[in-house]
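J.: Sequence first, predicted model second:
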Amino acid sequence: MISQEEPIGVIGAGAMGAGIAQVALVKGHRVVLTDAHQPVLGKARAGIEKAFAREVGKGRLTSEAARDALARLTLAEPAEGLGRLAMCAMVIEAIIERLDVKLETFRALEGVVGRDCILATNTSSLSVASIGAACEAPHRVIGVHFFNPAPVMPLVEIVPGVRTSDGVTHDARALIDAWGKVTVRAADTPGFIVNRIARPFYGEALRIMEEGDADIATIDWAMRERGGFRMGPFELMDFIGHDVNYVVTESVWTSMYYDPRYRPALSQKRLLEAGLLGRKTGRGFYDYAASAVAPEPTRDEALGDRIVQRIVAMLVNEAVDAVHLHVASAADIEVAMTRGVNYPRGLLAWGNALGPATILAELERLQQETGEDRYRPSPLLRRCARDGMALPT
Ligand code: NAI
């Protein structure tokens with residue numbers, strides 16, 4: 001077990017690394033934060049300081065606790081290499097998402113830290129197995145996948161690679177649990193739990209729009225007002241940014257050997273190519289200019305319910321298939337989708353409320369209409385529908 005007295009290392013002080021460092025600091029650890037680019041370190045520290053001030057303002061942290069937490073932060077300059085991480089009980093890597101750079105970092109890290117130090121990666125799309133392969137002791141390499149922003153989002157996916165030891169999995173999970181996060185265990189498969197199961201939320205919405213059955217404003221309205229989701233798919237894609245959202249979809253698709261279930265949409269690729277990345281560039285699916293007139297949804301309830309039924313059927317199928325293929329337990333899948341991406345209810349429970357036979361009928365209708373393997377029902381969904389059984393939850 002890693003105690004509060006032991007220091008934690010974080011490599012990469014960008015959005016994720018700074019957030020993870022903040023979480024560990026608040027929980028009483030000394031944290032050594034490093035980055036290849038010097039200016040990023042100062043920015044990360046300023047960001048953490050500001051976040052603490054906000055917490056103090058809201059009465060969630062005393063000013064003494066905030067001061068002490070900040071005093072536990074050590075910024076290790078790039079020129080010092082990874083040497084300052086030597087005493088850490090766990091190092092979490094949150095650097096650029098490139099396998100070659102991560103491999104080089106893990107190799108160097110192993111030469112610095114103690115034998116028992118856990119080496120964790122926050123990767124979203126690379127396999128833990130491939131990162132562990134850089135190390136002489138791959139049993140201590142594990143995925144700990146935080147969500148953005150790390151201090152706010154409760155979910156962390158714990159991802160043991162094929163060579164990760166049970167002891168390391170246990171200790172890493174216990175530590176993140178002790179940080180007050182909600183952990184779920186995911187197999188080392190593309191997209192882990194959330195980024196895999198959420199794909200149809202975007203993909204099926206894009207397909208409905210491309211087919212011309214409804215416009216973006218109507219699909220967003222339907223998913224919010226009739227489906228109970230916090231944001232519609234197009235608003236959410238614009239919010240995440242197409243440079244991130246499209247790239248995740250493409251990565252899951254290619255990693256799944258081009259399974260048509262995950263195939264990206266050309267309409268989204270064109271936005272990316274045009275530099276219309278969403279909110280951050282002022283335009284994506286929507287135009288965010290002050291002078292822009294927001295498109296009005298049709299507000300046709302029957303159409304809205306058809307849209308929700310189609311997208312939710314695809315999401316439920318994805319969740320059932322993840323159970324079928326042992327990506328995670330049914331219970332962890334429910335937790336992941338409600339706590340990681342704030343879905344209004346667990347997808348398996350939702351599937352049961354609608355009825356497995358209804359979900360199956362919707363997928364078979366789409367499969368027949370389109371002739372596409374994209375709508376292939378999970379064998380477990382078929383079995384439950386055939387035998388009149390509930391989906392596992
Ligand atoms: P970011 O671009 O904000 O930060 C990455 C940082 O790593 C930069 O400050 C960069 O200077 C530094 N860096 C690059 N190469 C380095 C090296 N060799 N040594 C030390 N520092 C180096 O990226 P972000 O968004 O924080 O992502 C980091 C990791 O977390 C990636 O693996 C990403 O896939 C993953 N992730 C990102 C999420 C997100 O929503 N942004 C969510 C969950 C995981």
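T.: Structure's in. What do you need?

J.: Would you map the helices across the stretch 251-393 of the chain?
T.: 266-273, 301-324, 330-339, 347-354, 356-370, 379-387 (DSSP state H, counting those that start in this stretch).

J.: TSV please, covering the ones you listed and showing mean neighbour count and distance to the ligand.
T.: (Each C-beta comes from the backbone N, C-alpha and C, glycine too.) Written out in TSV, the entries for the helices of the stretch 251-393 of the chain read as follows (neighbours: other CB atoms under 10 Å; distance: least, CB to the nearest ligand atom, whole Å):
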stretch	mean neighbour count	distance to the ligand
helix 266-273	16	16
helix 301-324	22	19
helix 330-339	22	13
helix 347-354	20	21
helix 356-370	17	29
helix 379-387	16	28
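
J.: can you put those helices in TSV and add mean pLDDT?
T.: As requested, the helices of the stretch 251-393 of the chain are arranged in TSV below (pLDDT from 0 to 100):
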stretch	mean pLDDT
helix 266-273	98
helix 301-324	98
helix 330-339	97
helix 347-354	98
helix 356-370	98
helix 379-387	98
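
J.: how about those in TSV, adding distance to Gly28?
T.: Output for those, formatted as TSV (distance: least, CB to CB, whole Å):
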stretch	distance to Gly28
helix 266-273	42
helix 301-324	35
helix 330-339	23
helix 347-354	36
helix 356-370	46
helix 379-387	43
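
J.: Tell me which of those sits nearest to Glu204.
T.: Shortest separation from Glu204 across the helices of the stretch 251-393 of the chain is recorded for helix 301-324, at 4.6 Å, computed as CB to CB.

J.: Send over that closest one as CSV, restricted to the C-alpha atoms.
T.: The C-alpha atoms that make up helix 301-324 are tabulated as CSV, following Å, rounded to 0.1, in the frame of the first residue of the first chain:
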residue,chain,number,x,y,z
GLU,A,301,-41.6,14.8,-30.2
ALA,A,302,-42.1,11.7,-32.4
LEU,A,303,-39.0,12.4,-34.4
GLY,A,304,-37.1,13.2,-31.2
ASP,A,305,-38.1,9.9,-29.6
ARG,A,306,-37.0,8.0,-32.8
ILE,A,307,-33.6,9.7,-32.6
VAL,A,308,-33.2,8.8,-28.9
GLN,A,309,-34.3,5.2,-29.5
ARG,A,310,-31.7,4.8,-32.3
ILE,A,311,-28.8,6.3,-30.5
VAL,A,312,-29.6,4.6,-27.2
ALA,A,313,-30.0,1.2,-28.9
MET,A,314,-26.5,1.6,-30.3
LEU,A,315,-25.1,2.7,-26.9
VAL,A,316,-26.8,-0.2,-25.1
ASN,A,317,-25.5,-2.7,-27.7
GLU,A,318,-22.0,-1.3,-27.1
ALA,A,319,-22.3,-1.7,-23.4
VAL,A,320,-23.7,-5.2,-23.6
ASP,A,321,-20.9,-6.2,-26.0
ALA,A,322,-18.3,-4.8,-23.6
VAL,A,323,-19.8,-7.1,-20.9
HIS,A,324,-19.8,-10.0,-23.5
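
J.: could you give the angle of it to helix 356-370?
T.: Note on geometry: by axes from the mean of the first three to the mean of the last three CA atoms, to 10 degrees, helix 301-324 and helix 356-370 are set 100 degrees apart in direction.

J.: Tell me the secondary structure at the residue in the stretch 101-250 of the chain that the ligand sits nearest to.
T.: Distance from the ligand to each residue of the stretch 101-250 of the chain (CB to the nearest ligand atom) is smallest for Asn148, at 3.3 Å. When states are read from DSSP: H, G, I helix; E, B strand; the rest coil, the local structure at Asn148 comes out as coil.

J.: who's in contact with it?
T.: Applying CB atoms under 8 Å, 6 or more residues apart in numbering, we find Asn148 in contact with Ala15, Met16, Gly19.

J.: swap in Ala89?
T.: Neighbour list for Ala89: Ile2, Ser3, Glu6, Pro7, Ile8, Asp116, Cys117, Ile118 [criterion: CB under 8 Å, 6+ apart].

J.: what's across from the fifth one in the sheet?
T.: In other words, Ile8. Beta-bridge partners for Ile8, by DSSP bridges, are Val31, Met90.

J.: gap between it and Thr298?
T.: Spatial separation of Ile8 from Thr298 under the definition CB to CB, to the nearest Å is 51 Å.

J.: for Leu70, helix, strand, or coil?
T.: Using three-state DSSP, the three-state assignment for Leu70 comes out as helix.

J.: What score does it have for pLDDT?
T.: Leu70 carries a pLDDT score of 98 in this model.

J.: which residues touch the residue in the stretch 1-150 of the chain that the ligand sits nearest to?
T.: Here the stretch 1-150 of the chain gets closest to the ligand at one residue, Gly14, 1.8 Å apart by CB to the nearest ligand atom. Going by CB under 8 Å, 6+ apart, Gly14 touches Asp35, Val40, Ala44, Ala94, Ile95.

J.: Farthest pair within those residues?
T.: Using CB to CB, the two most remote members of the contacts of Gly14 are Ala44 and Ile95, lying 12.9 Å apart.
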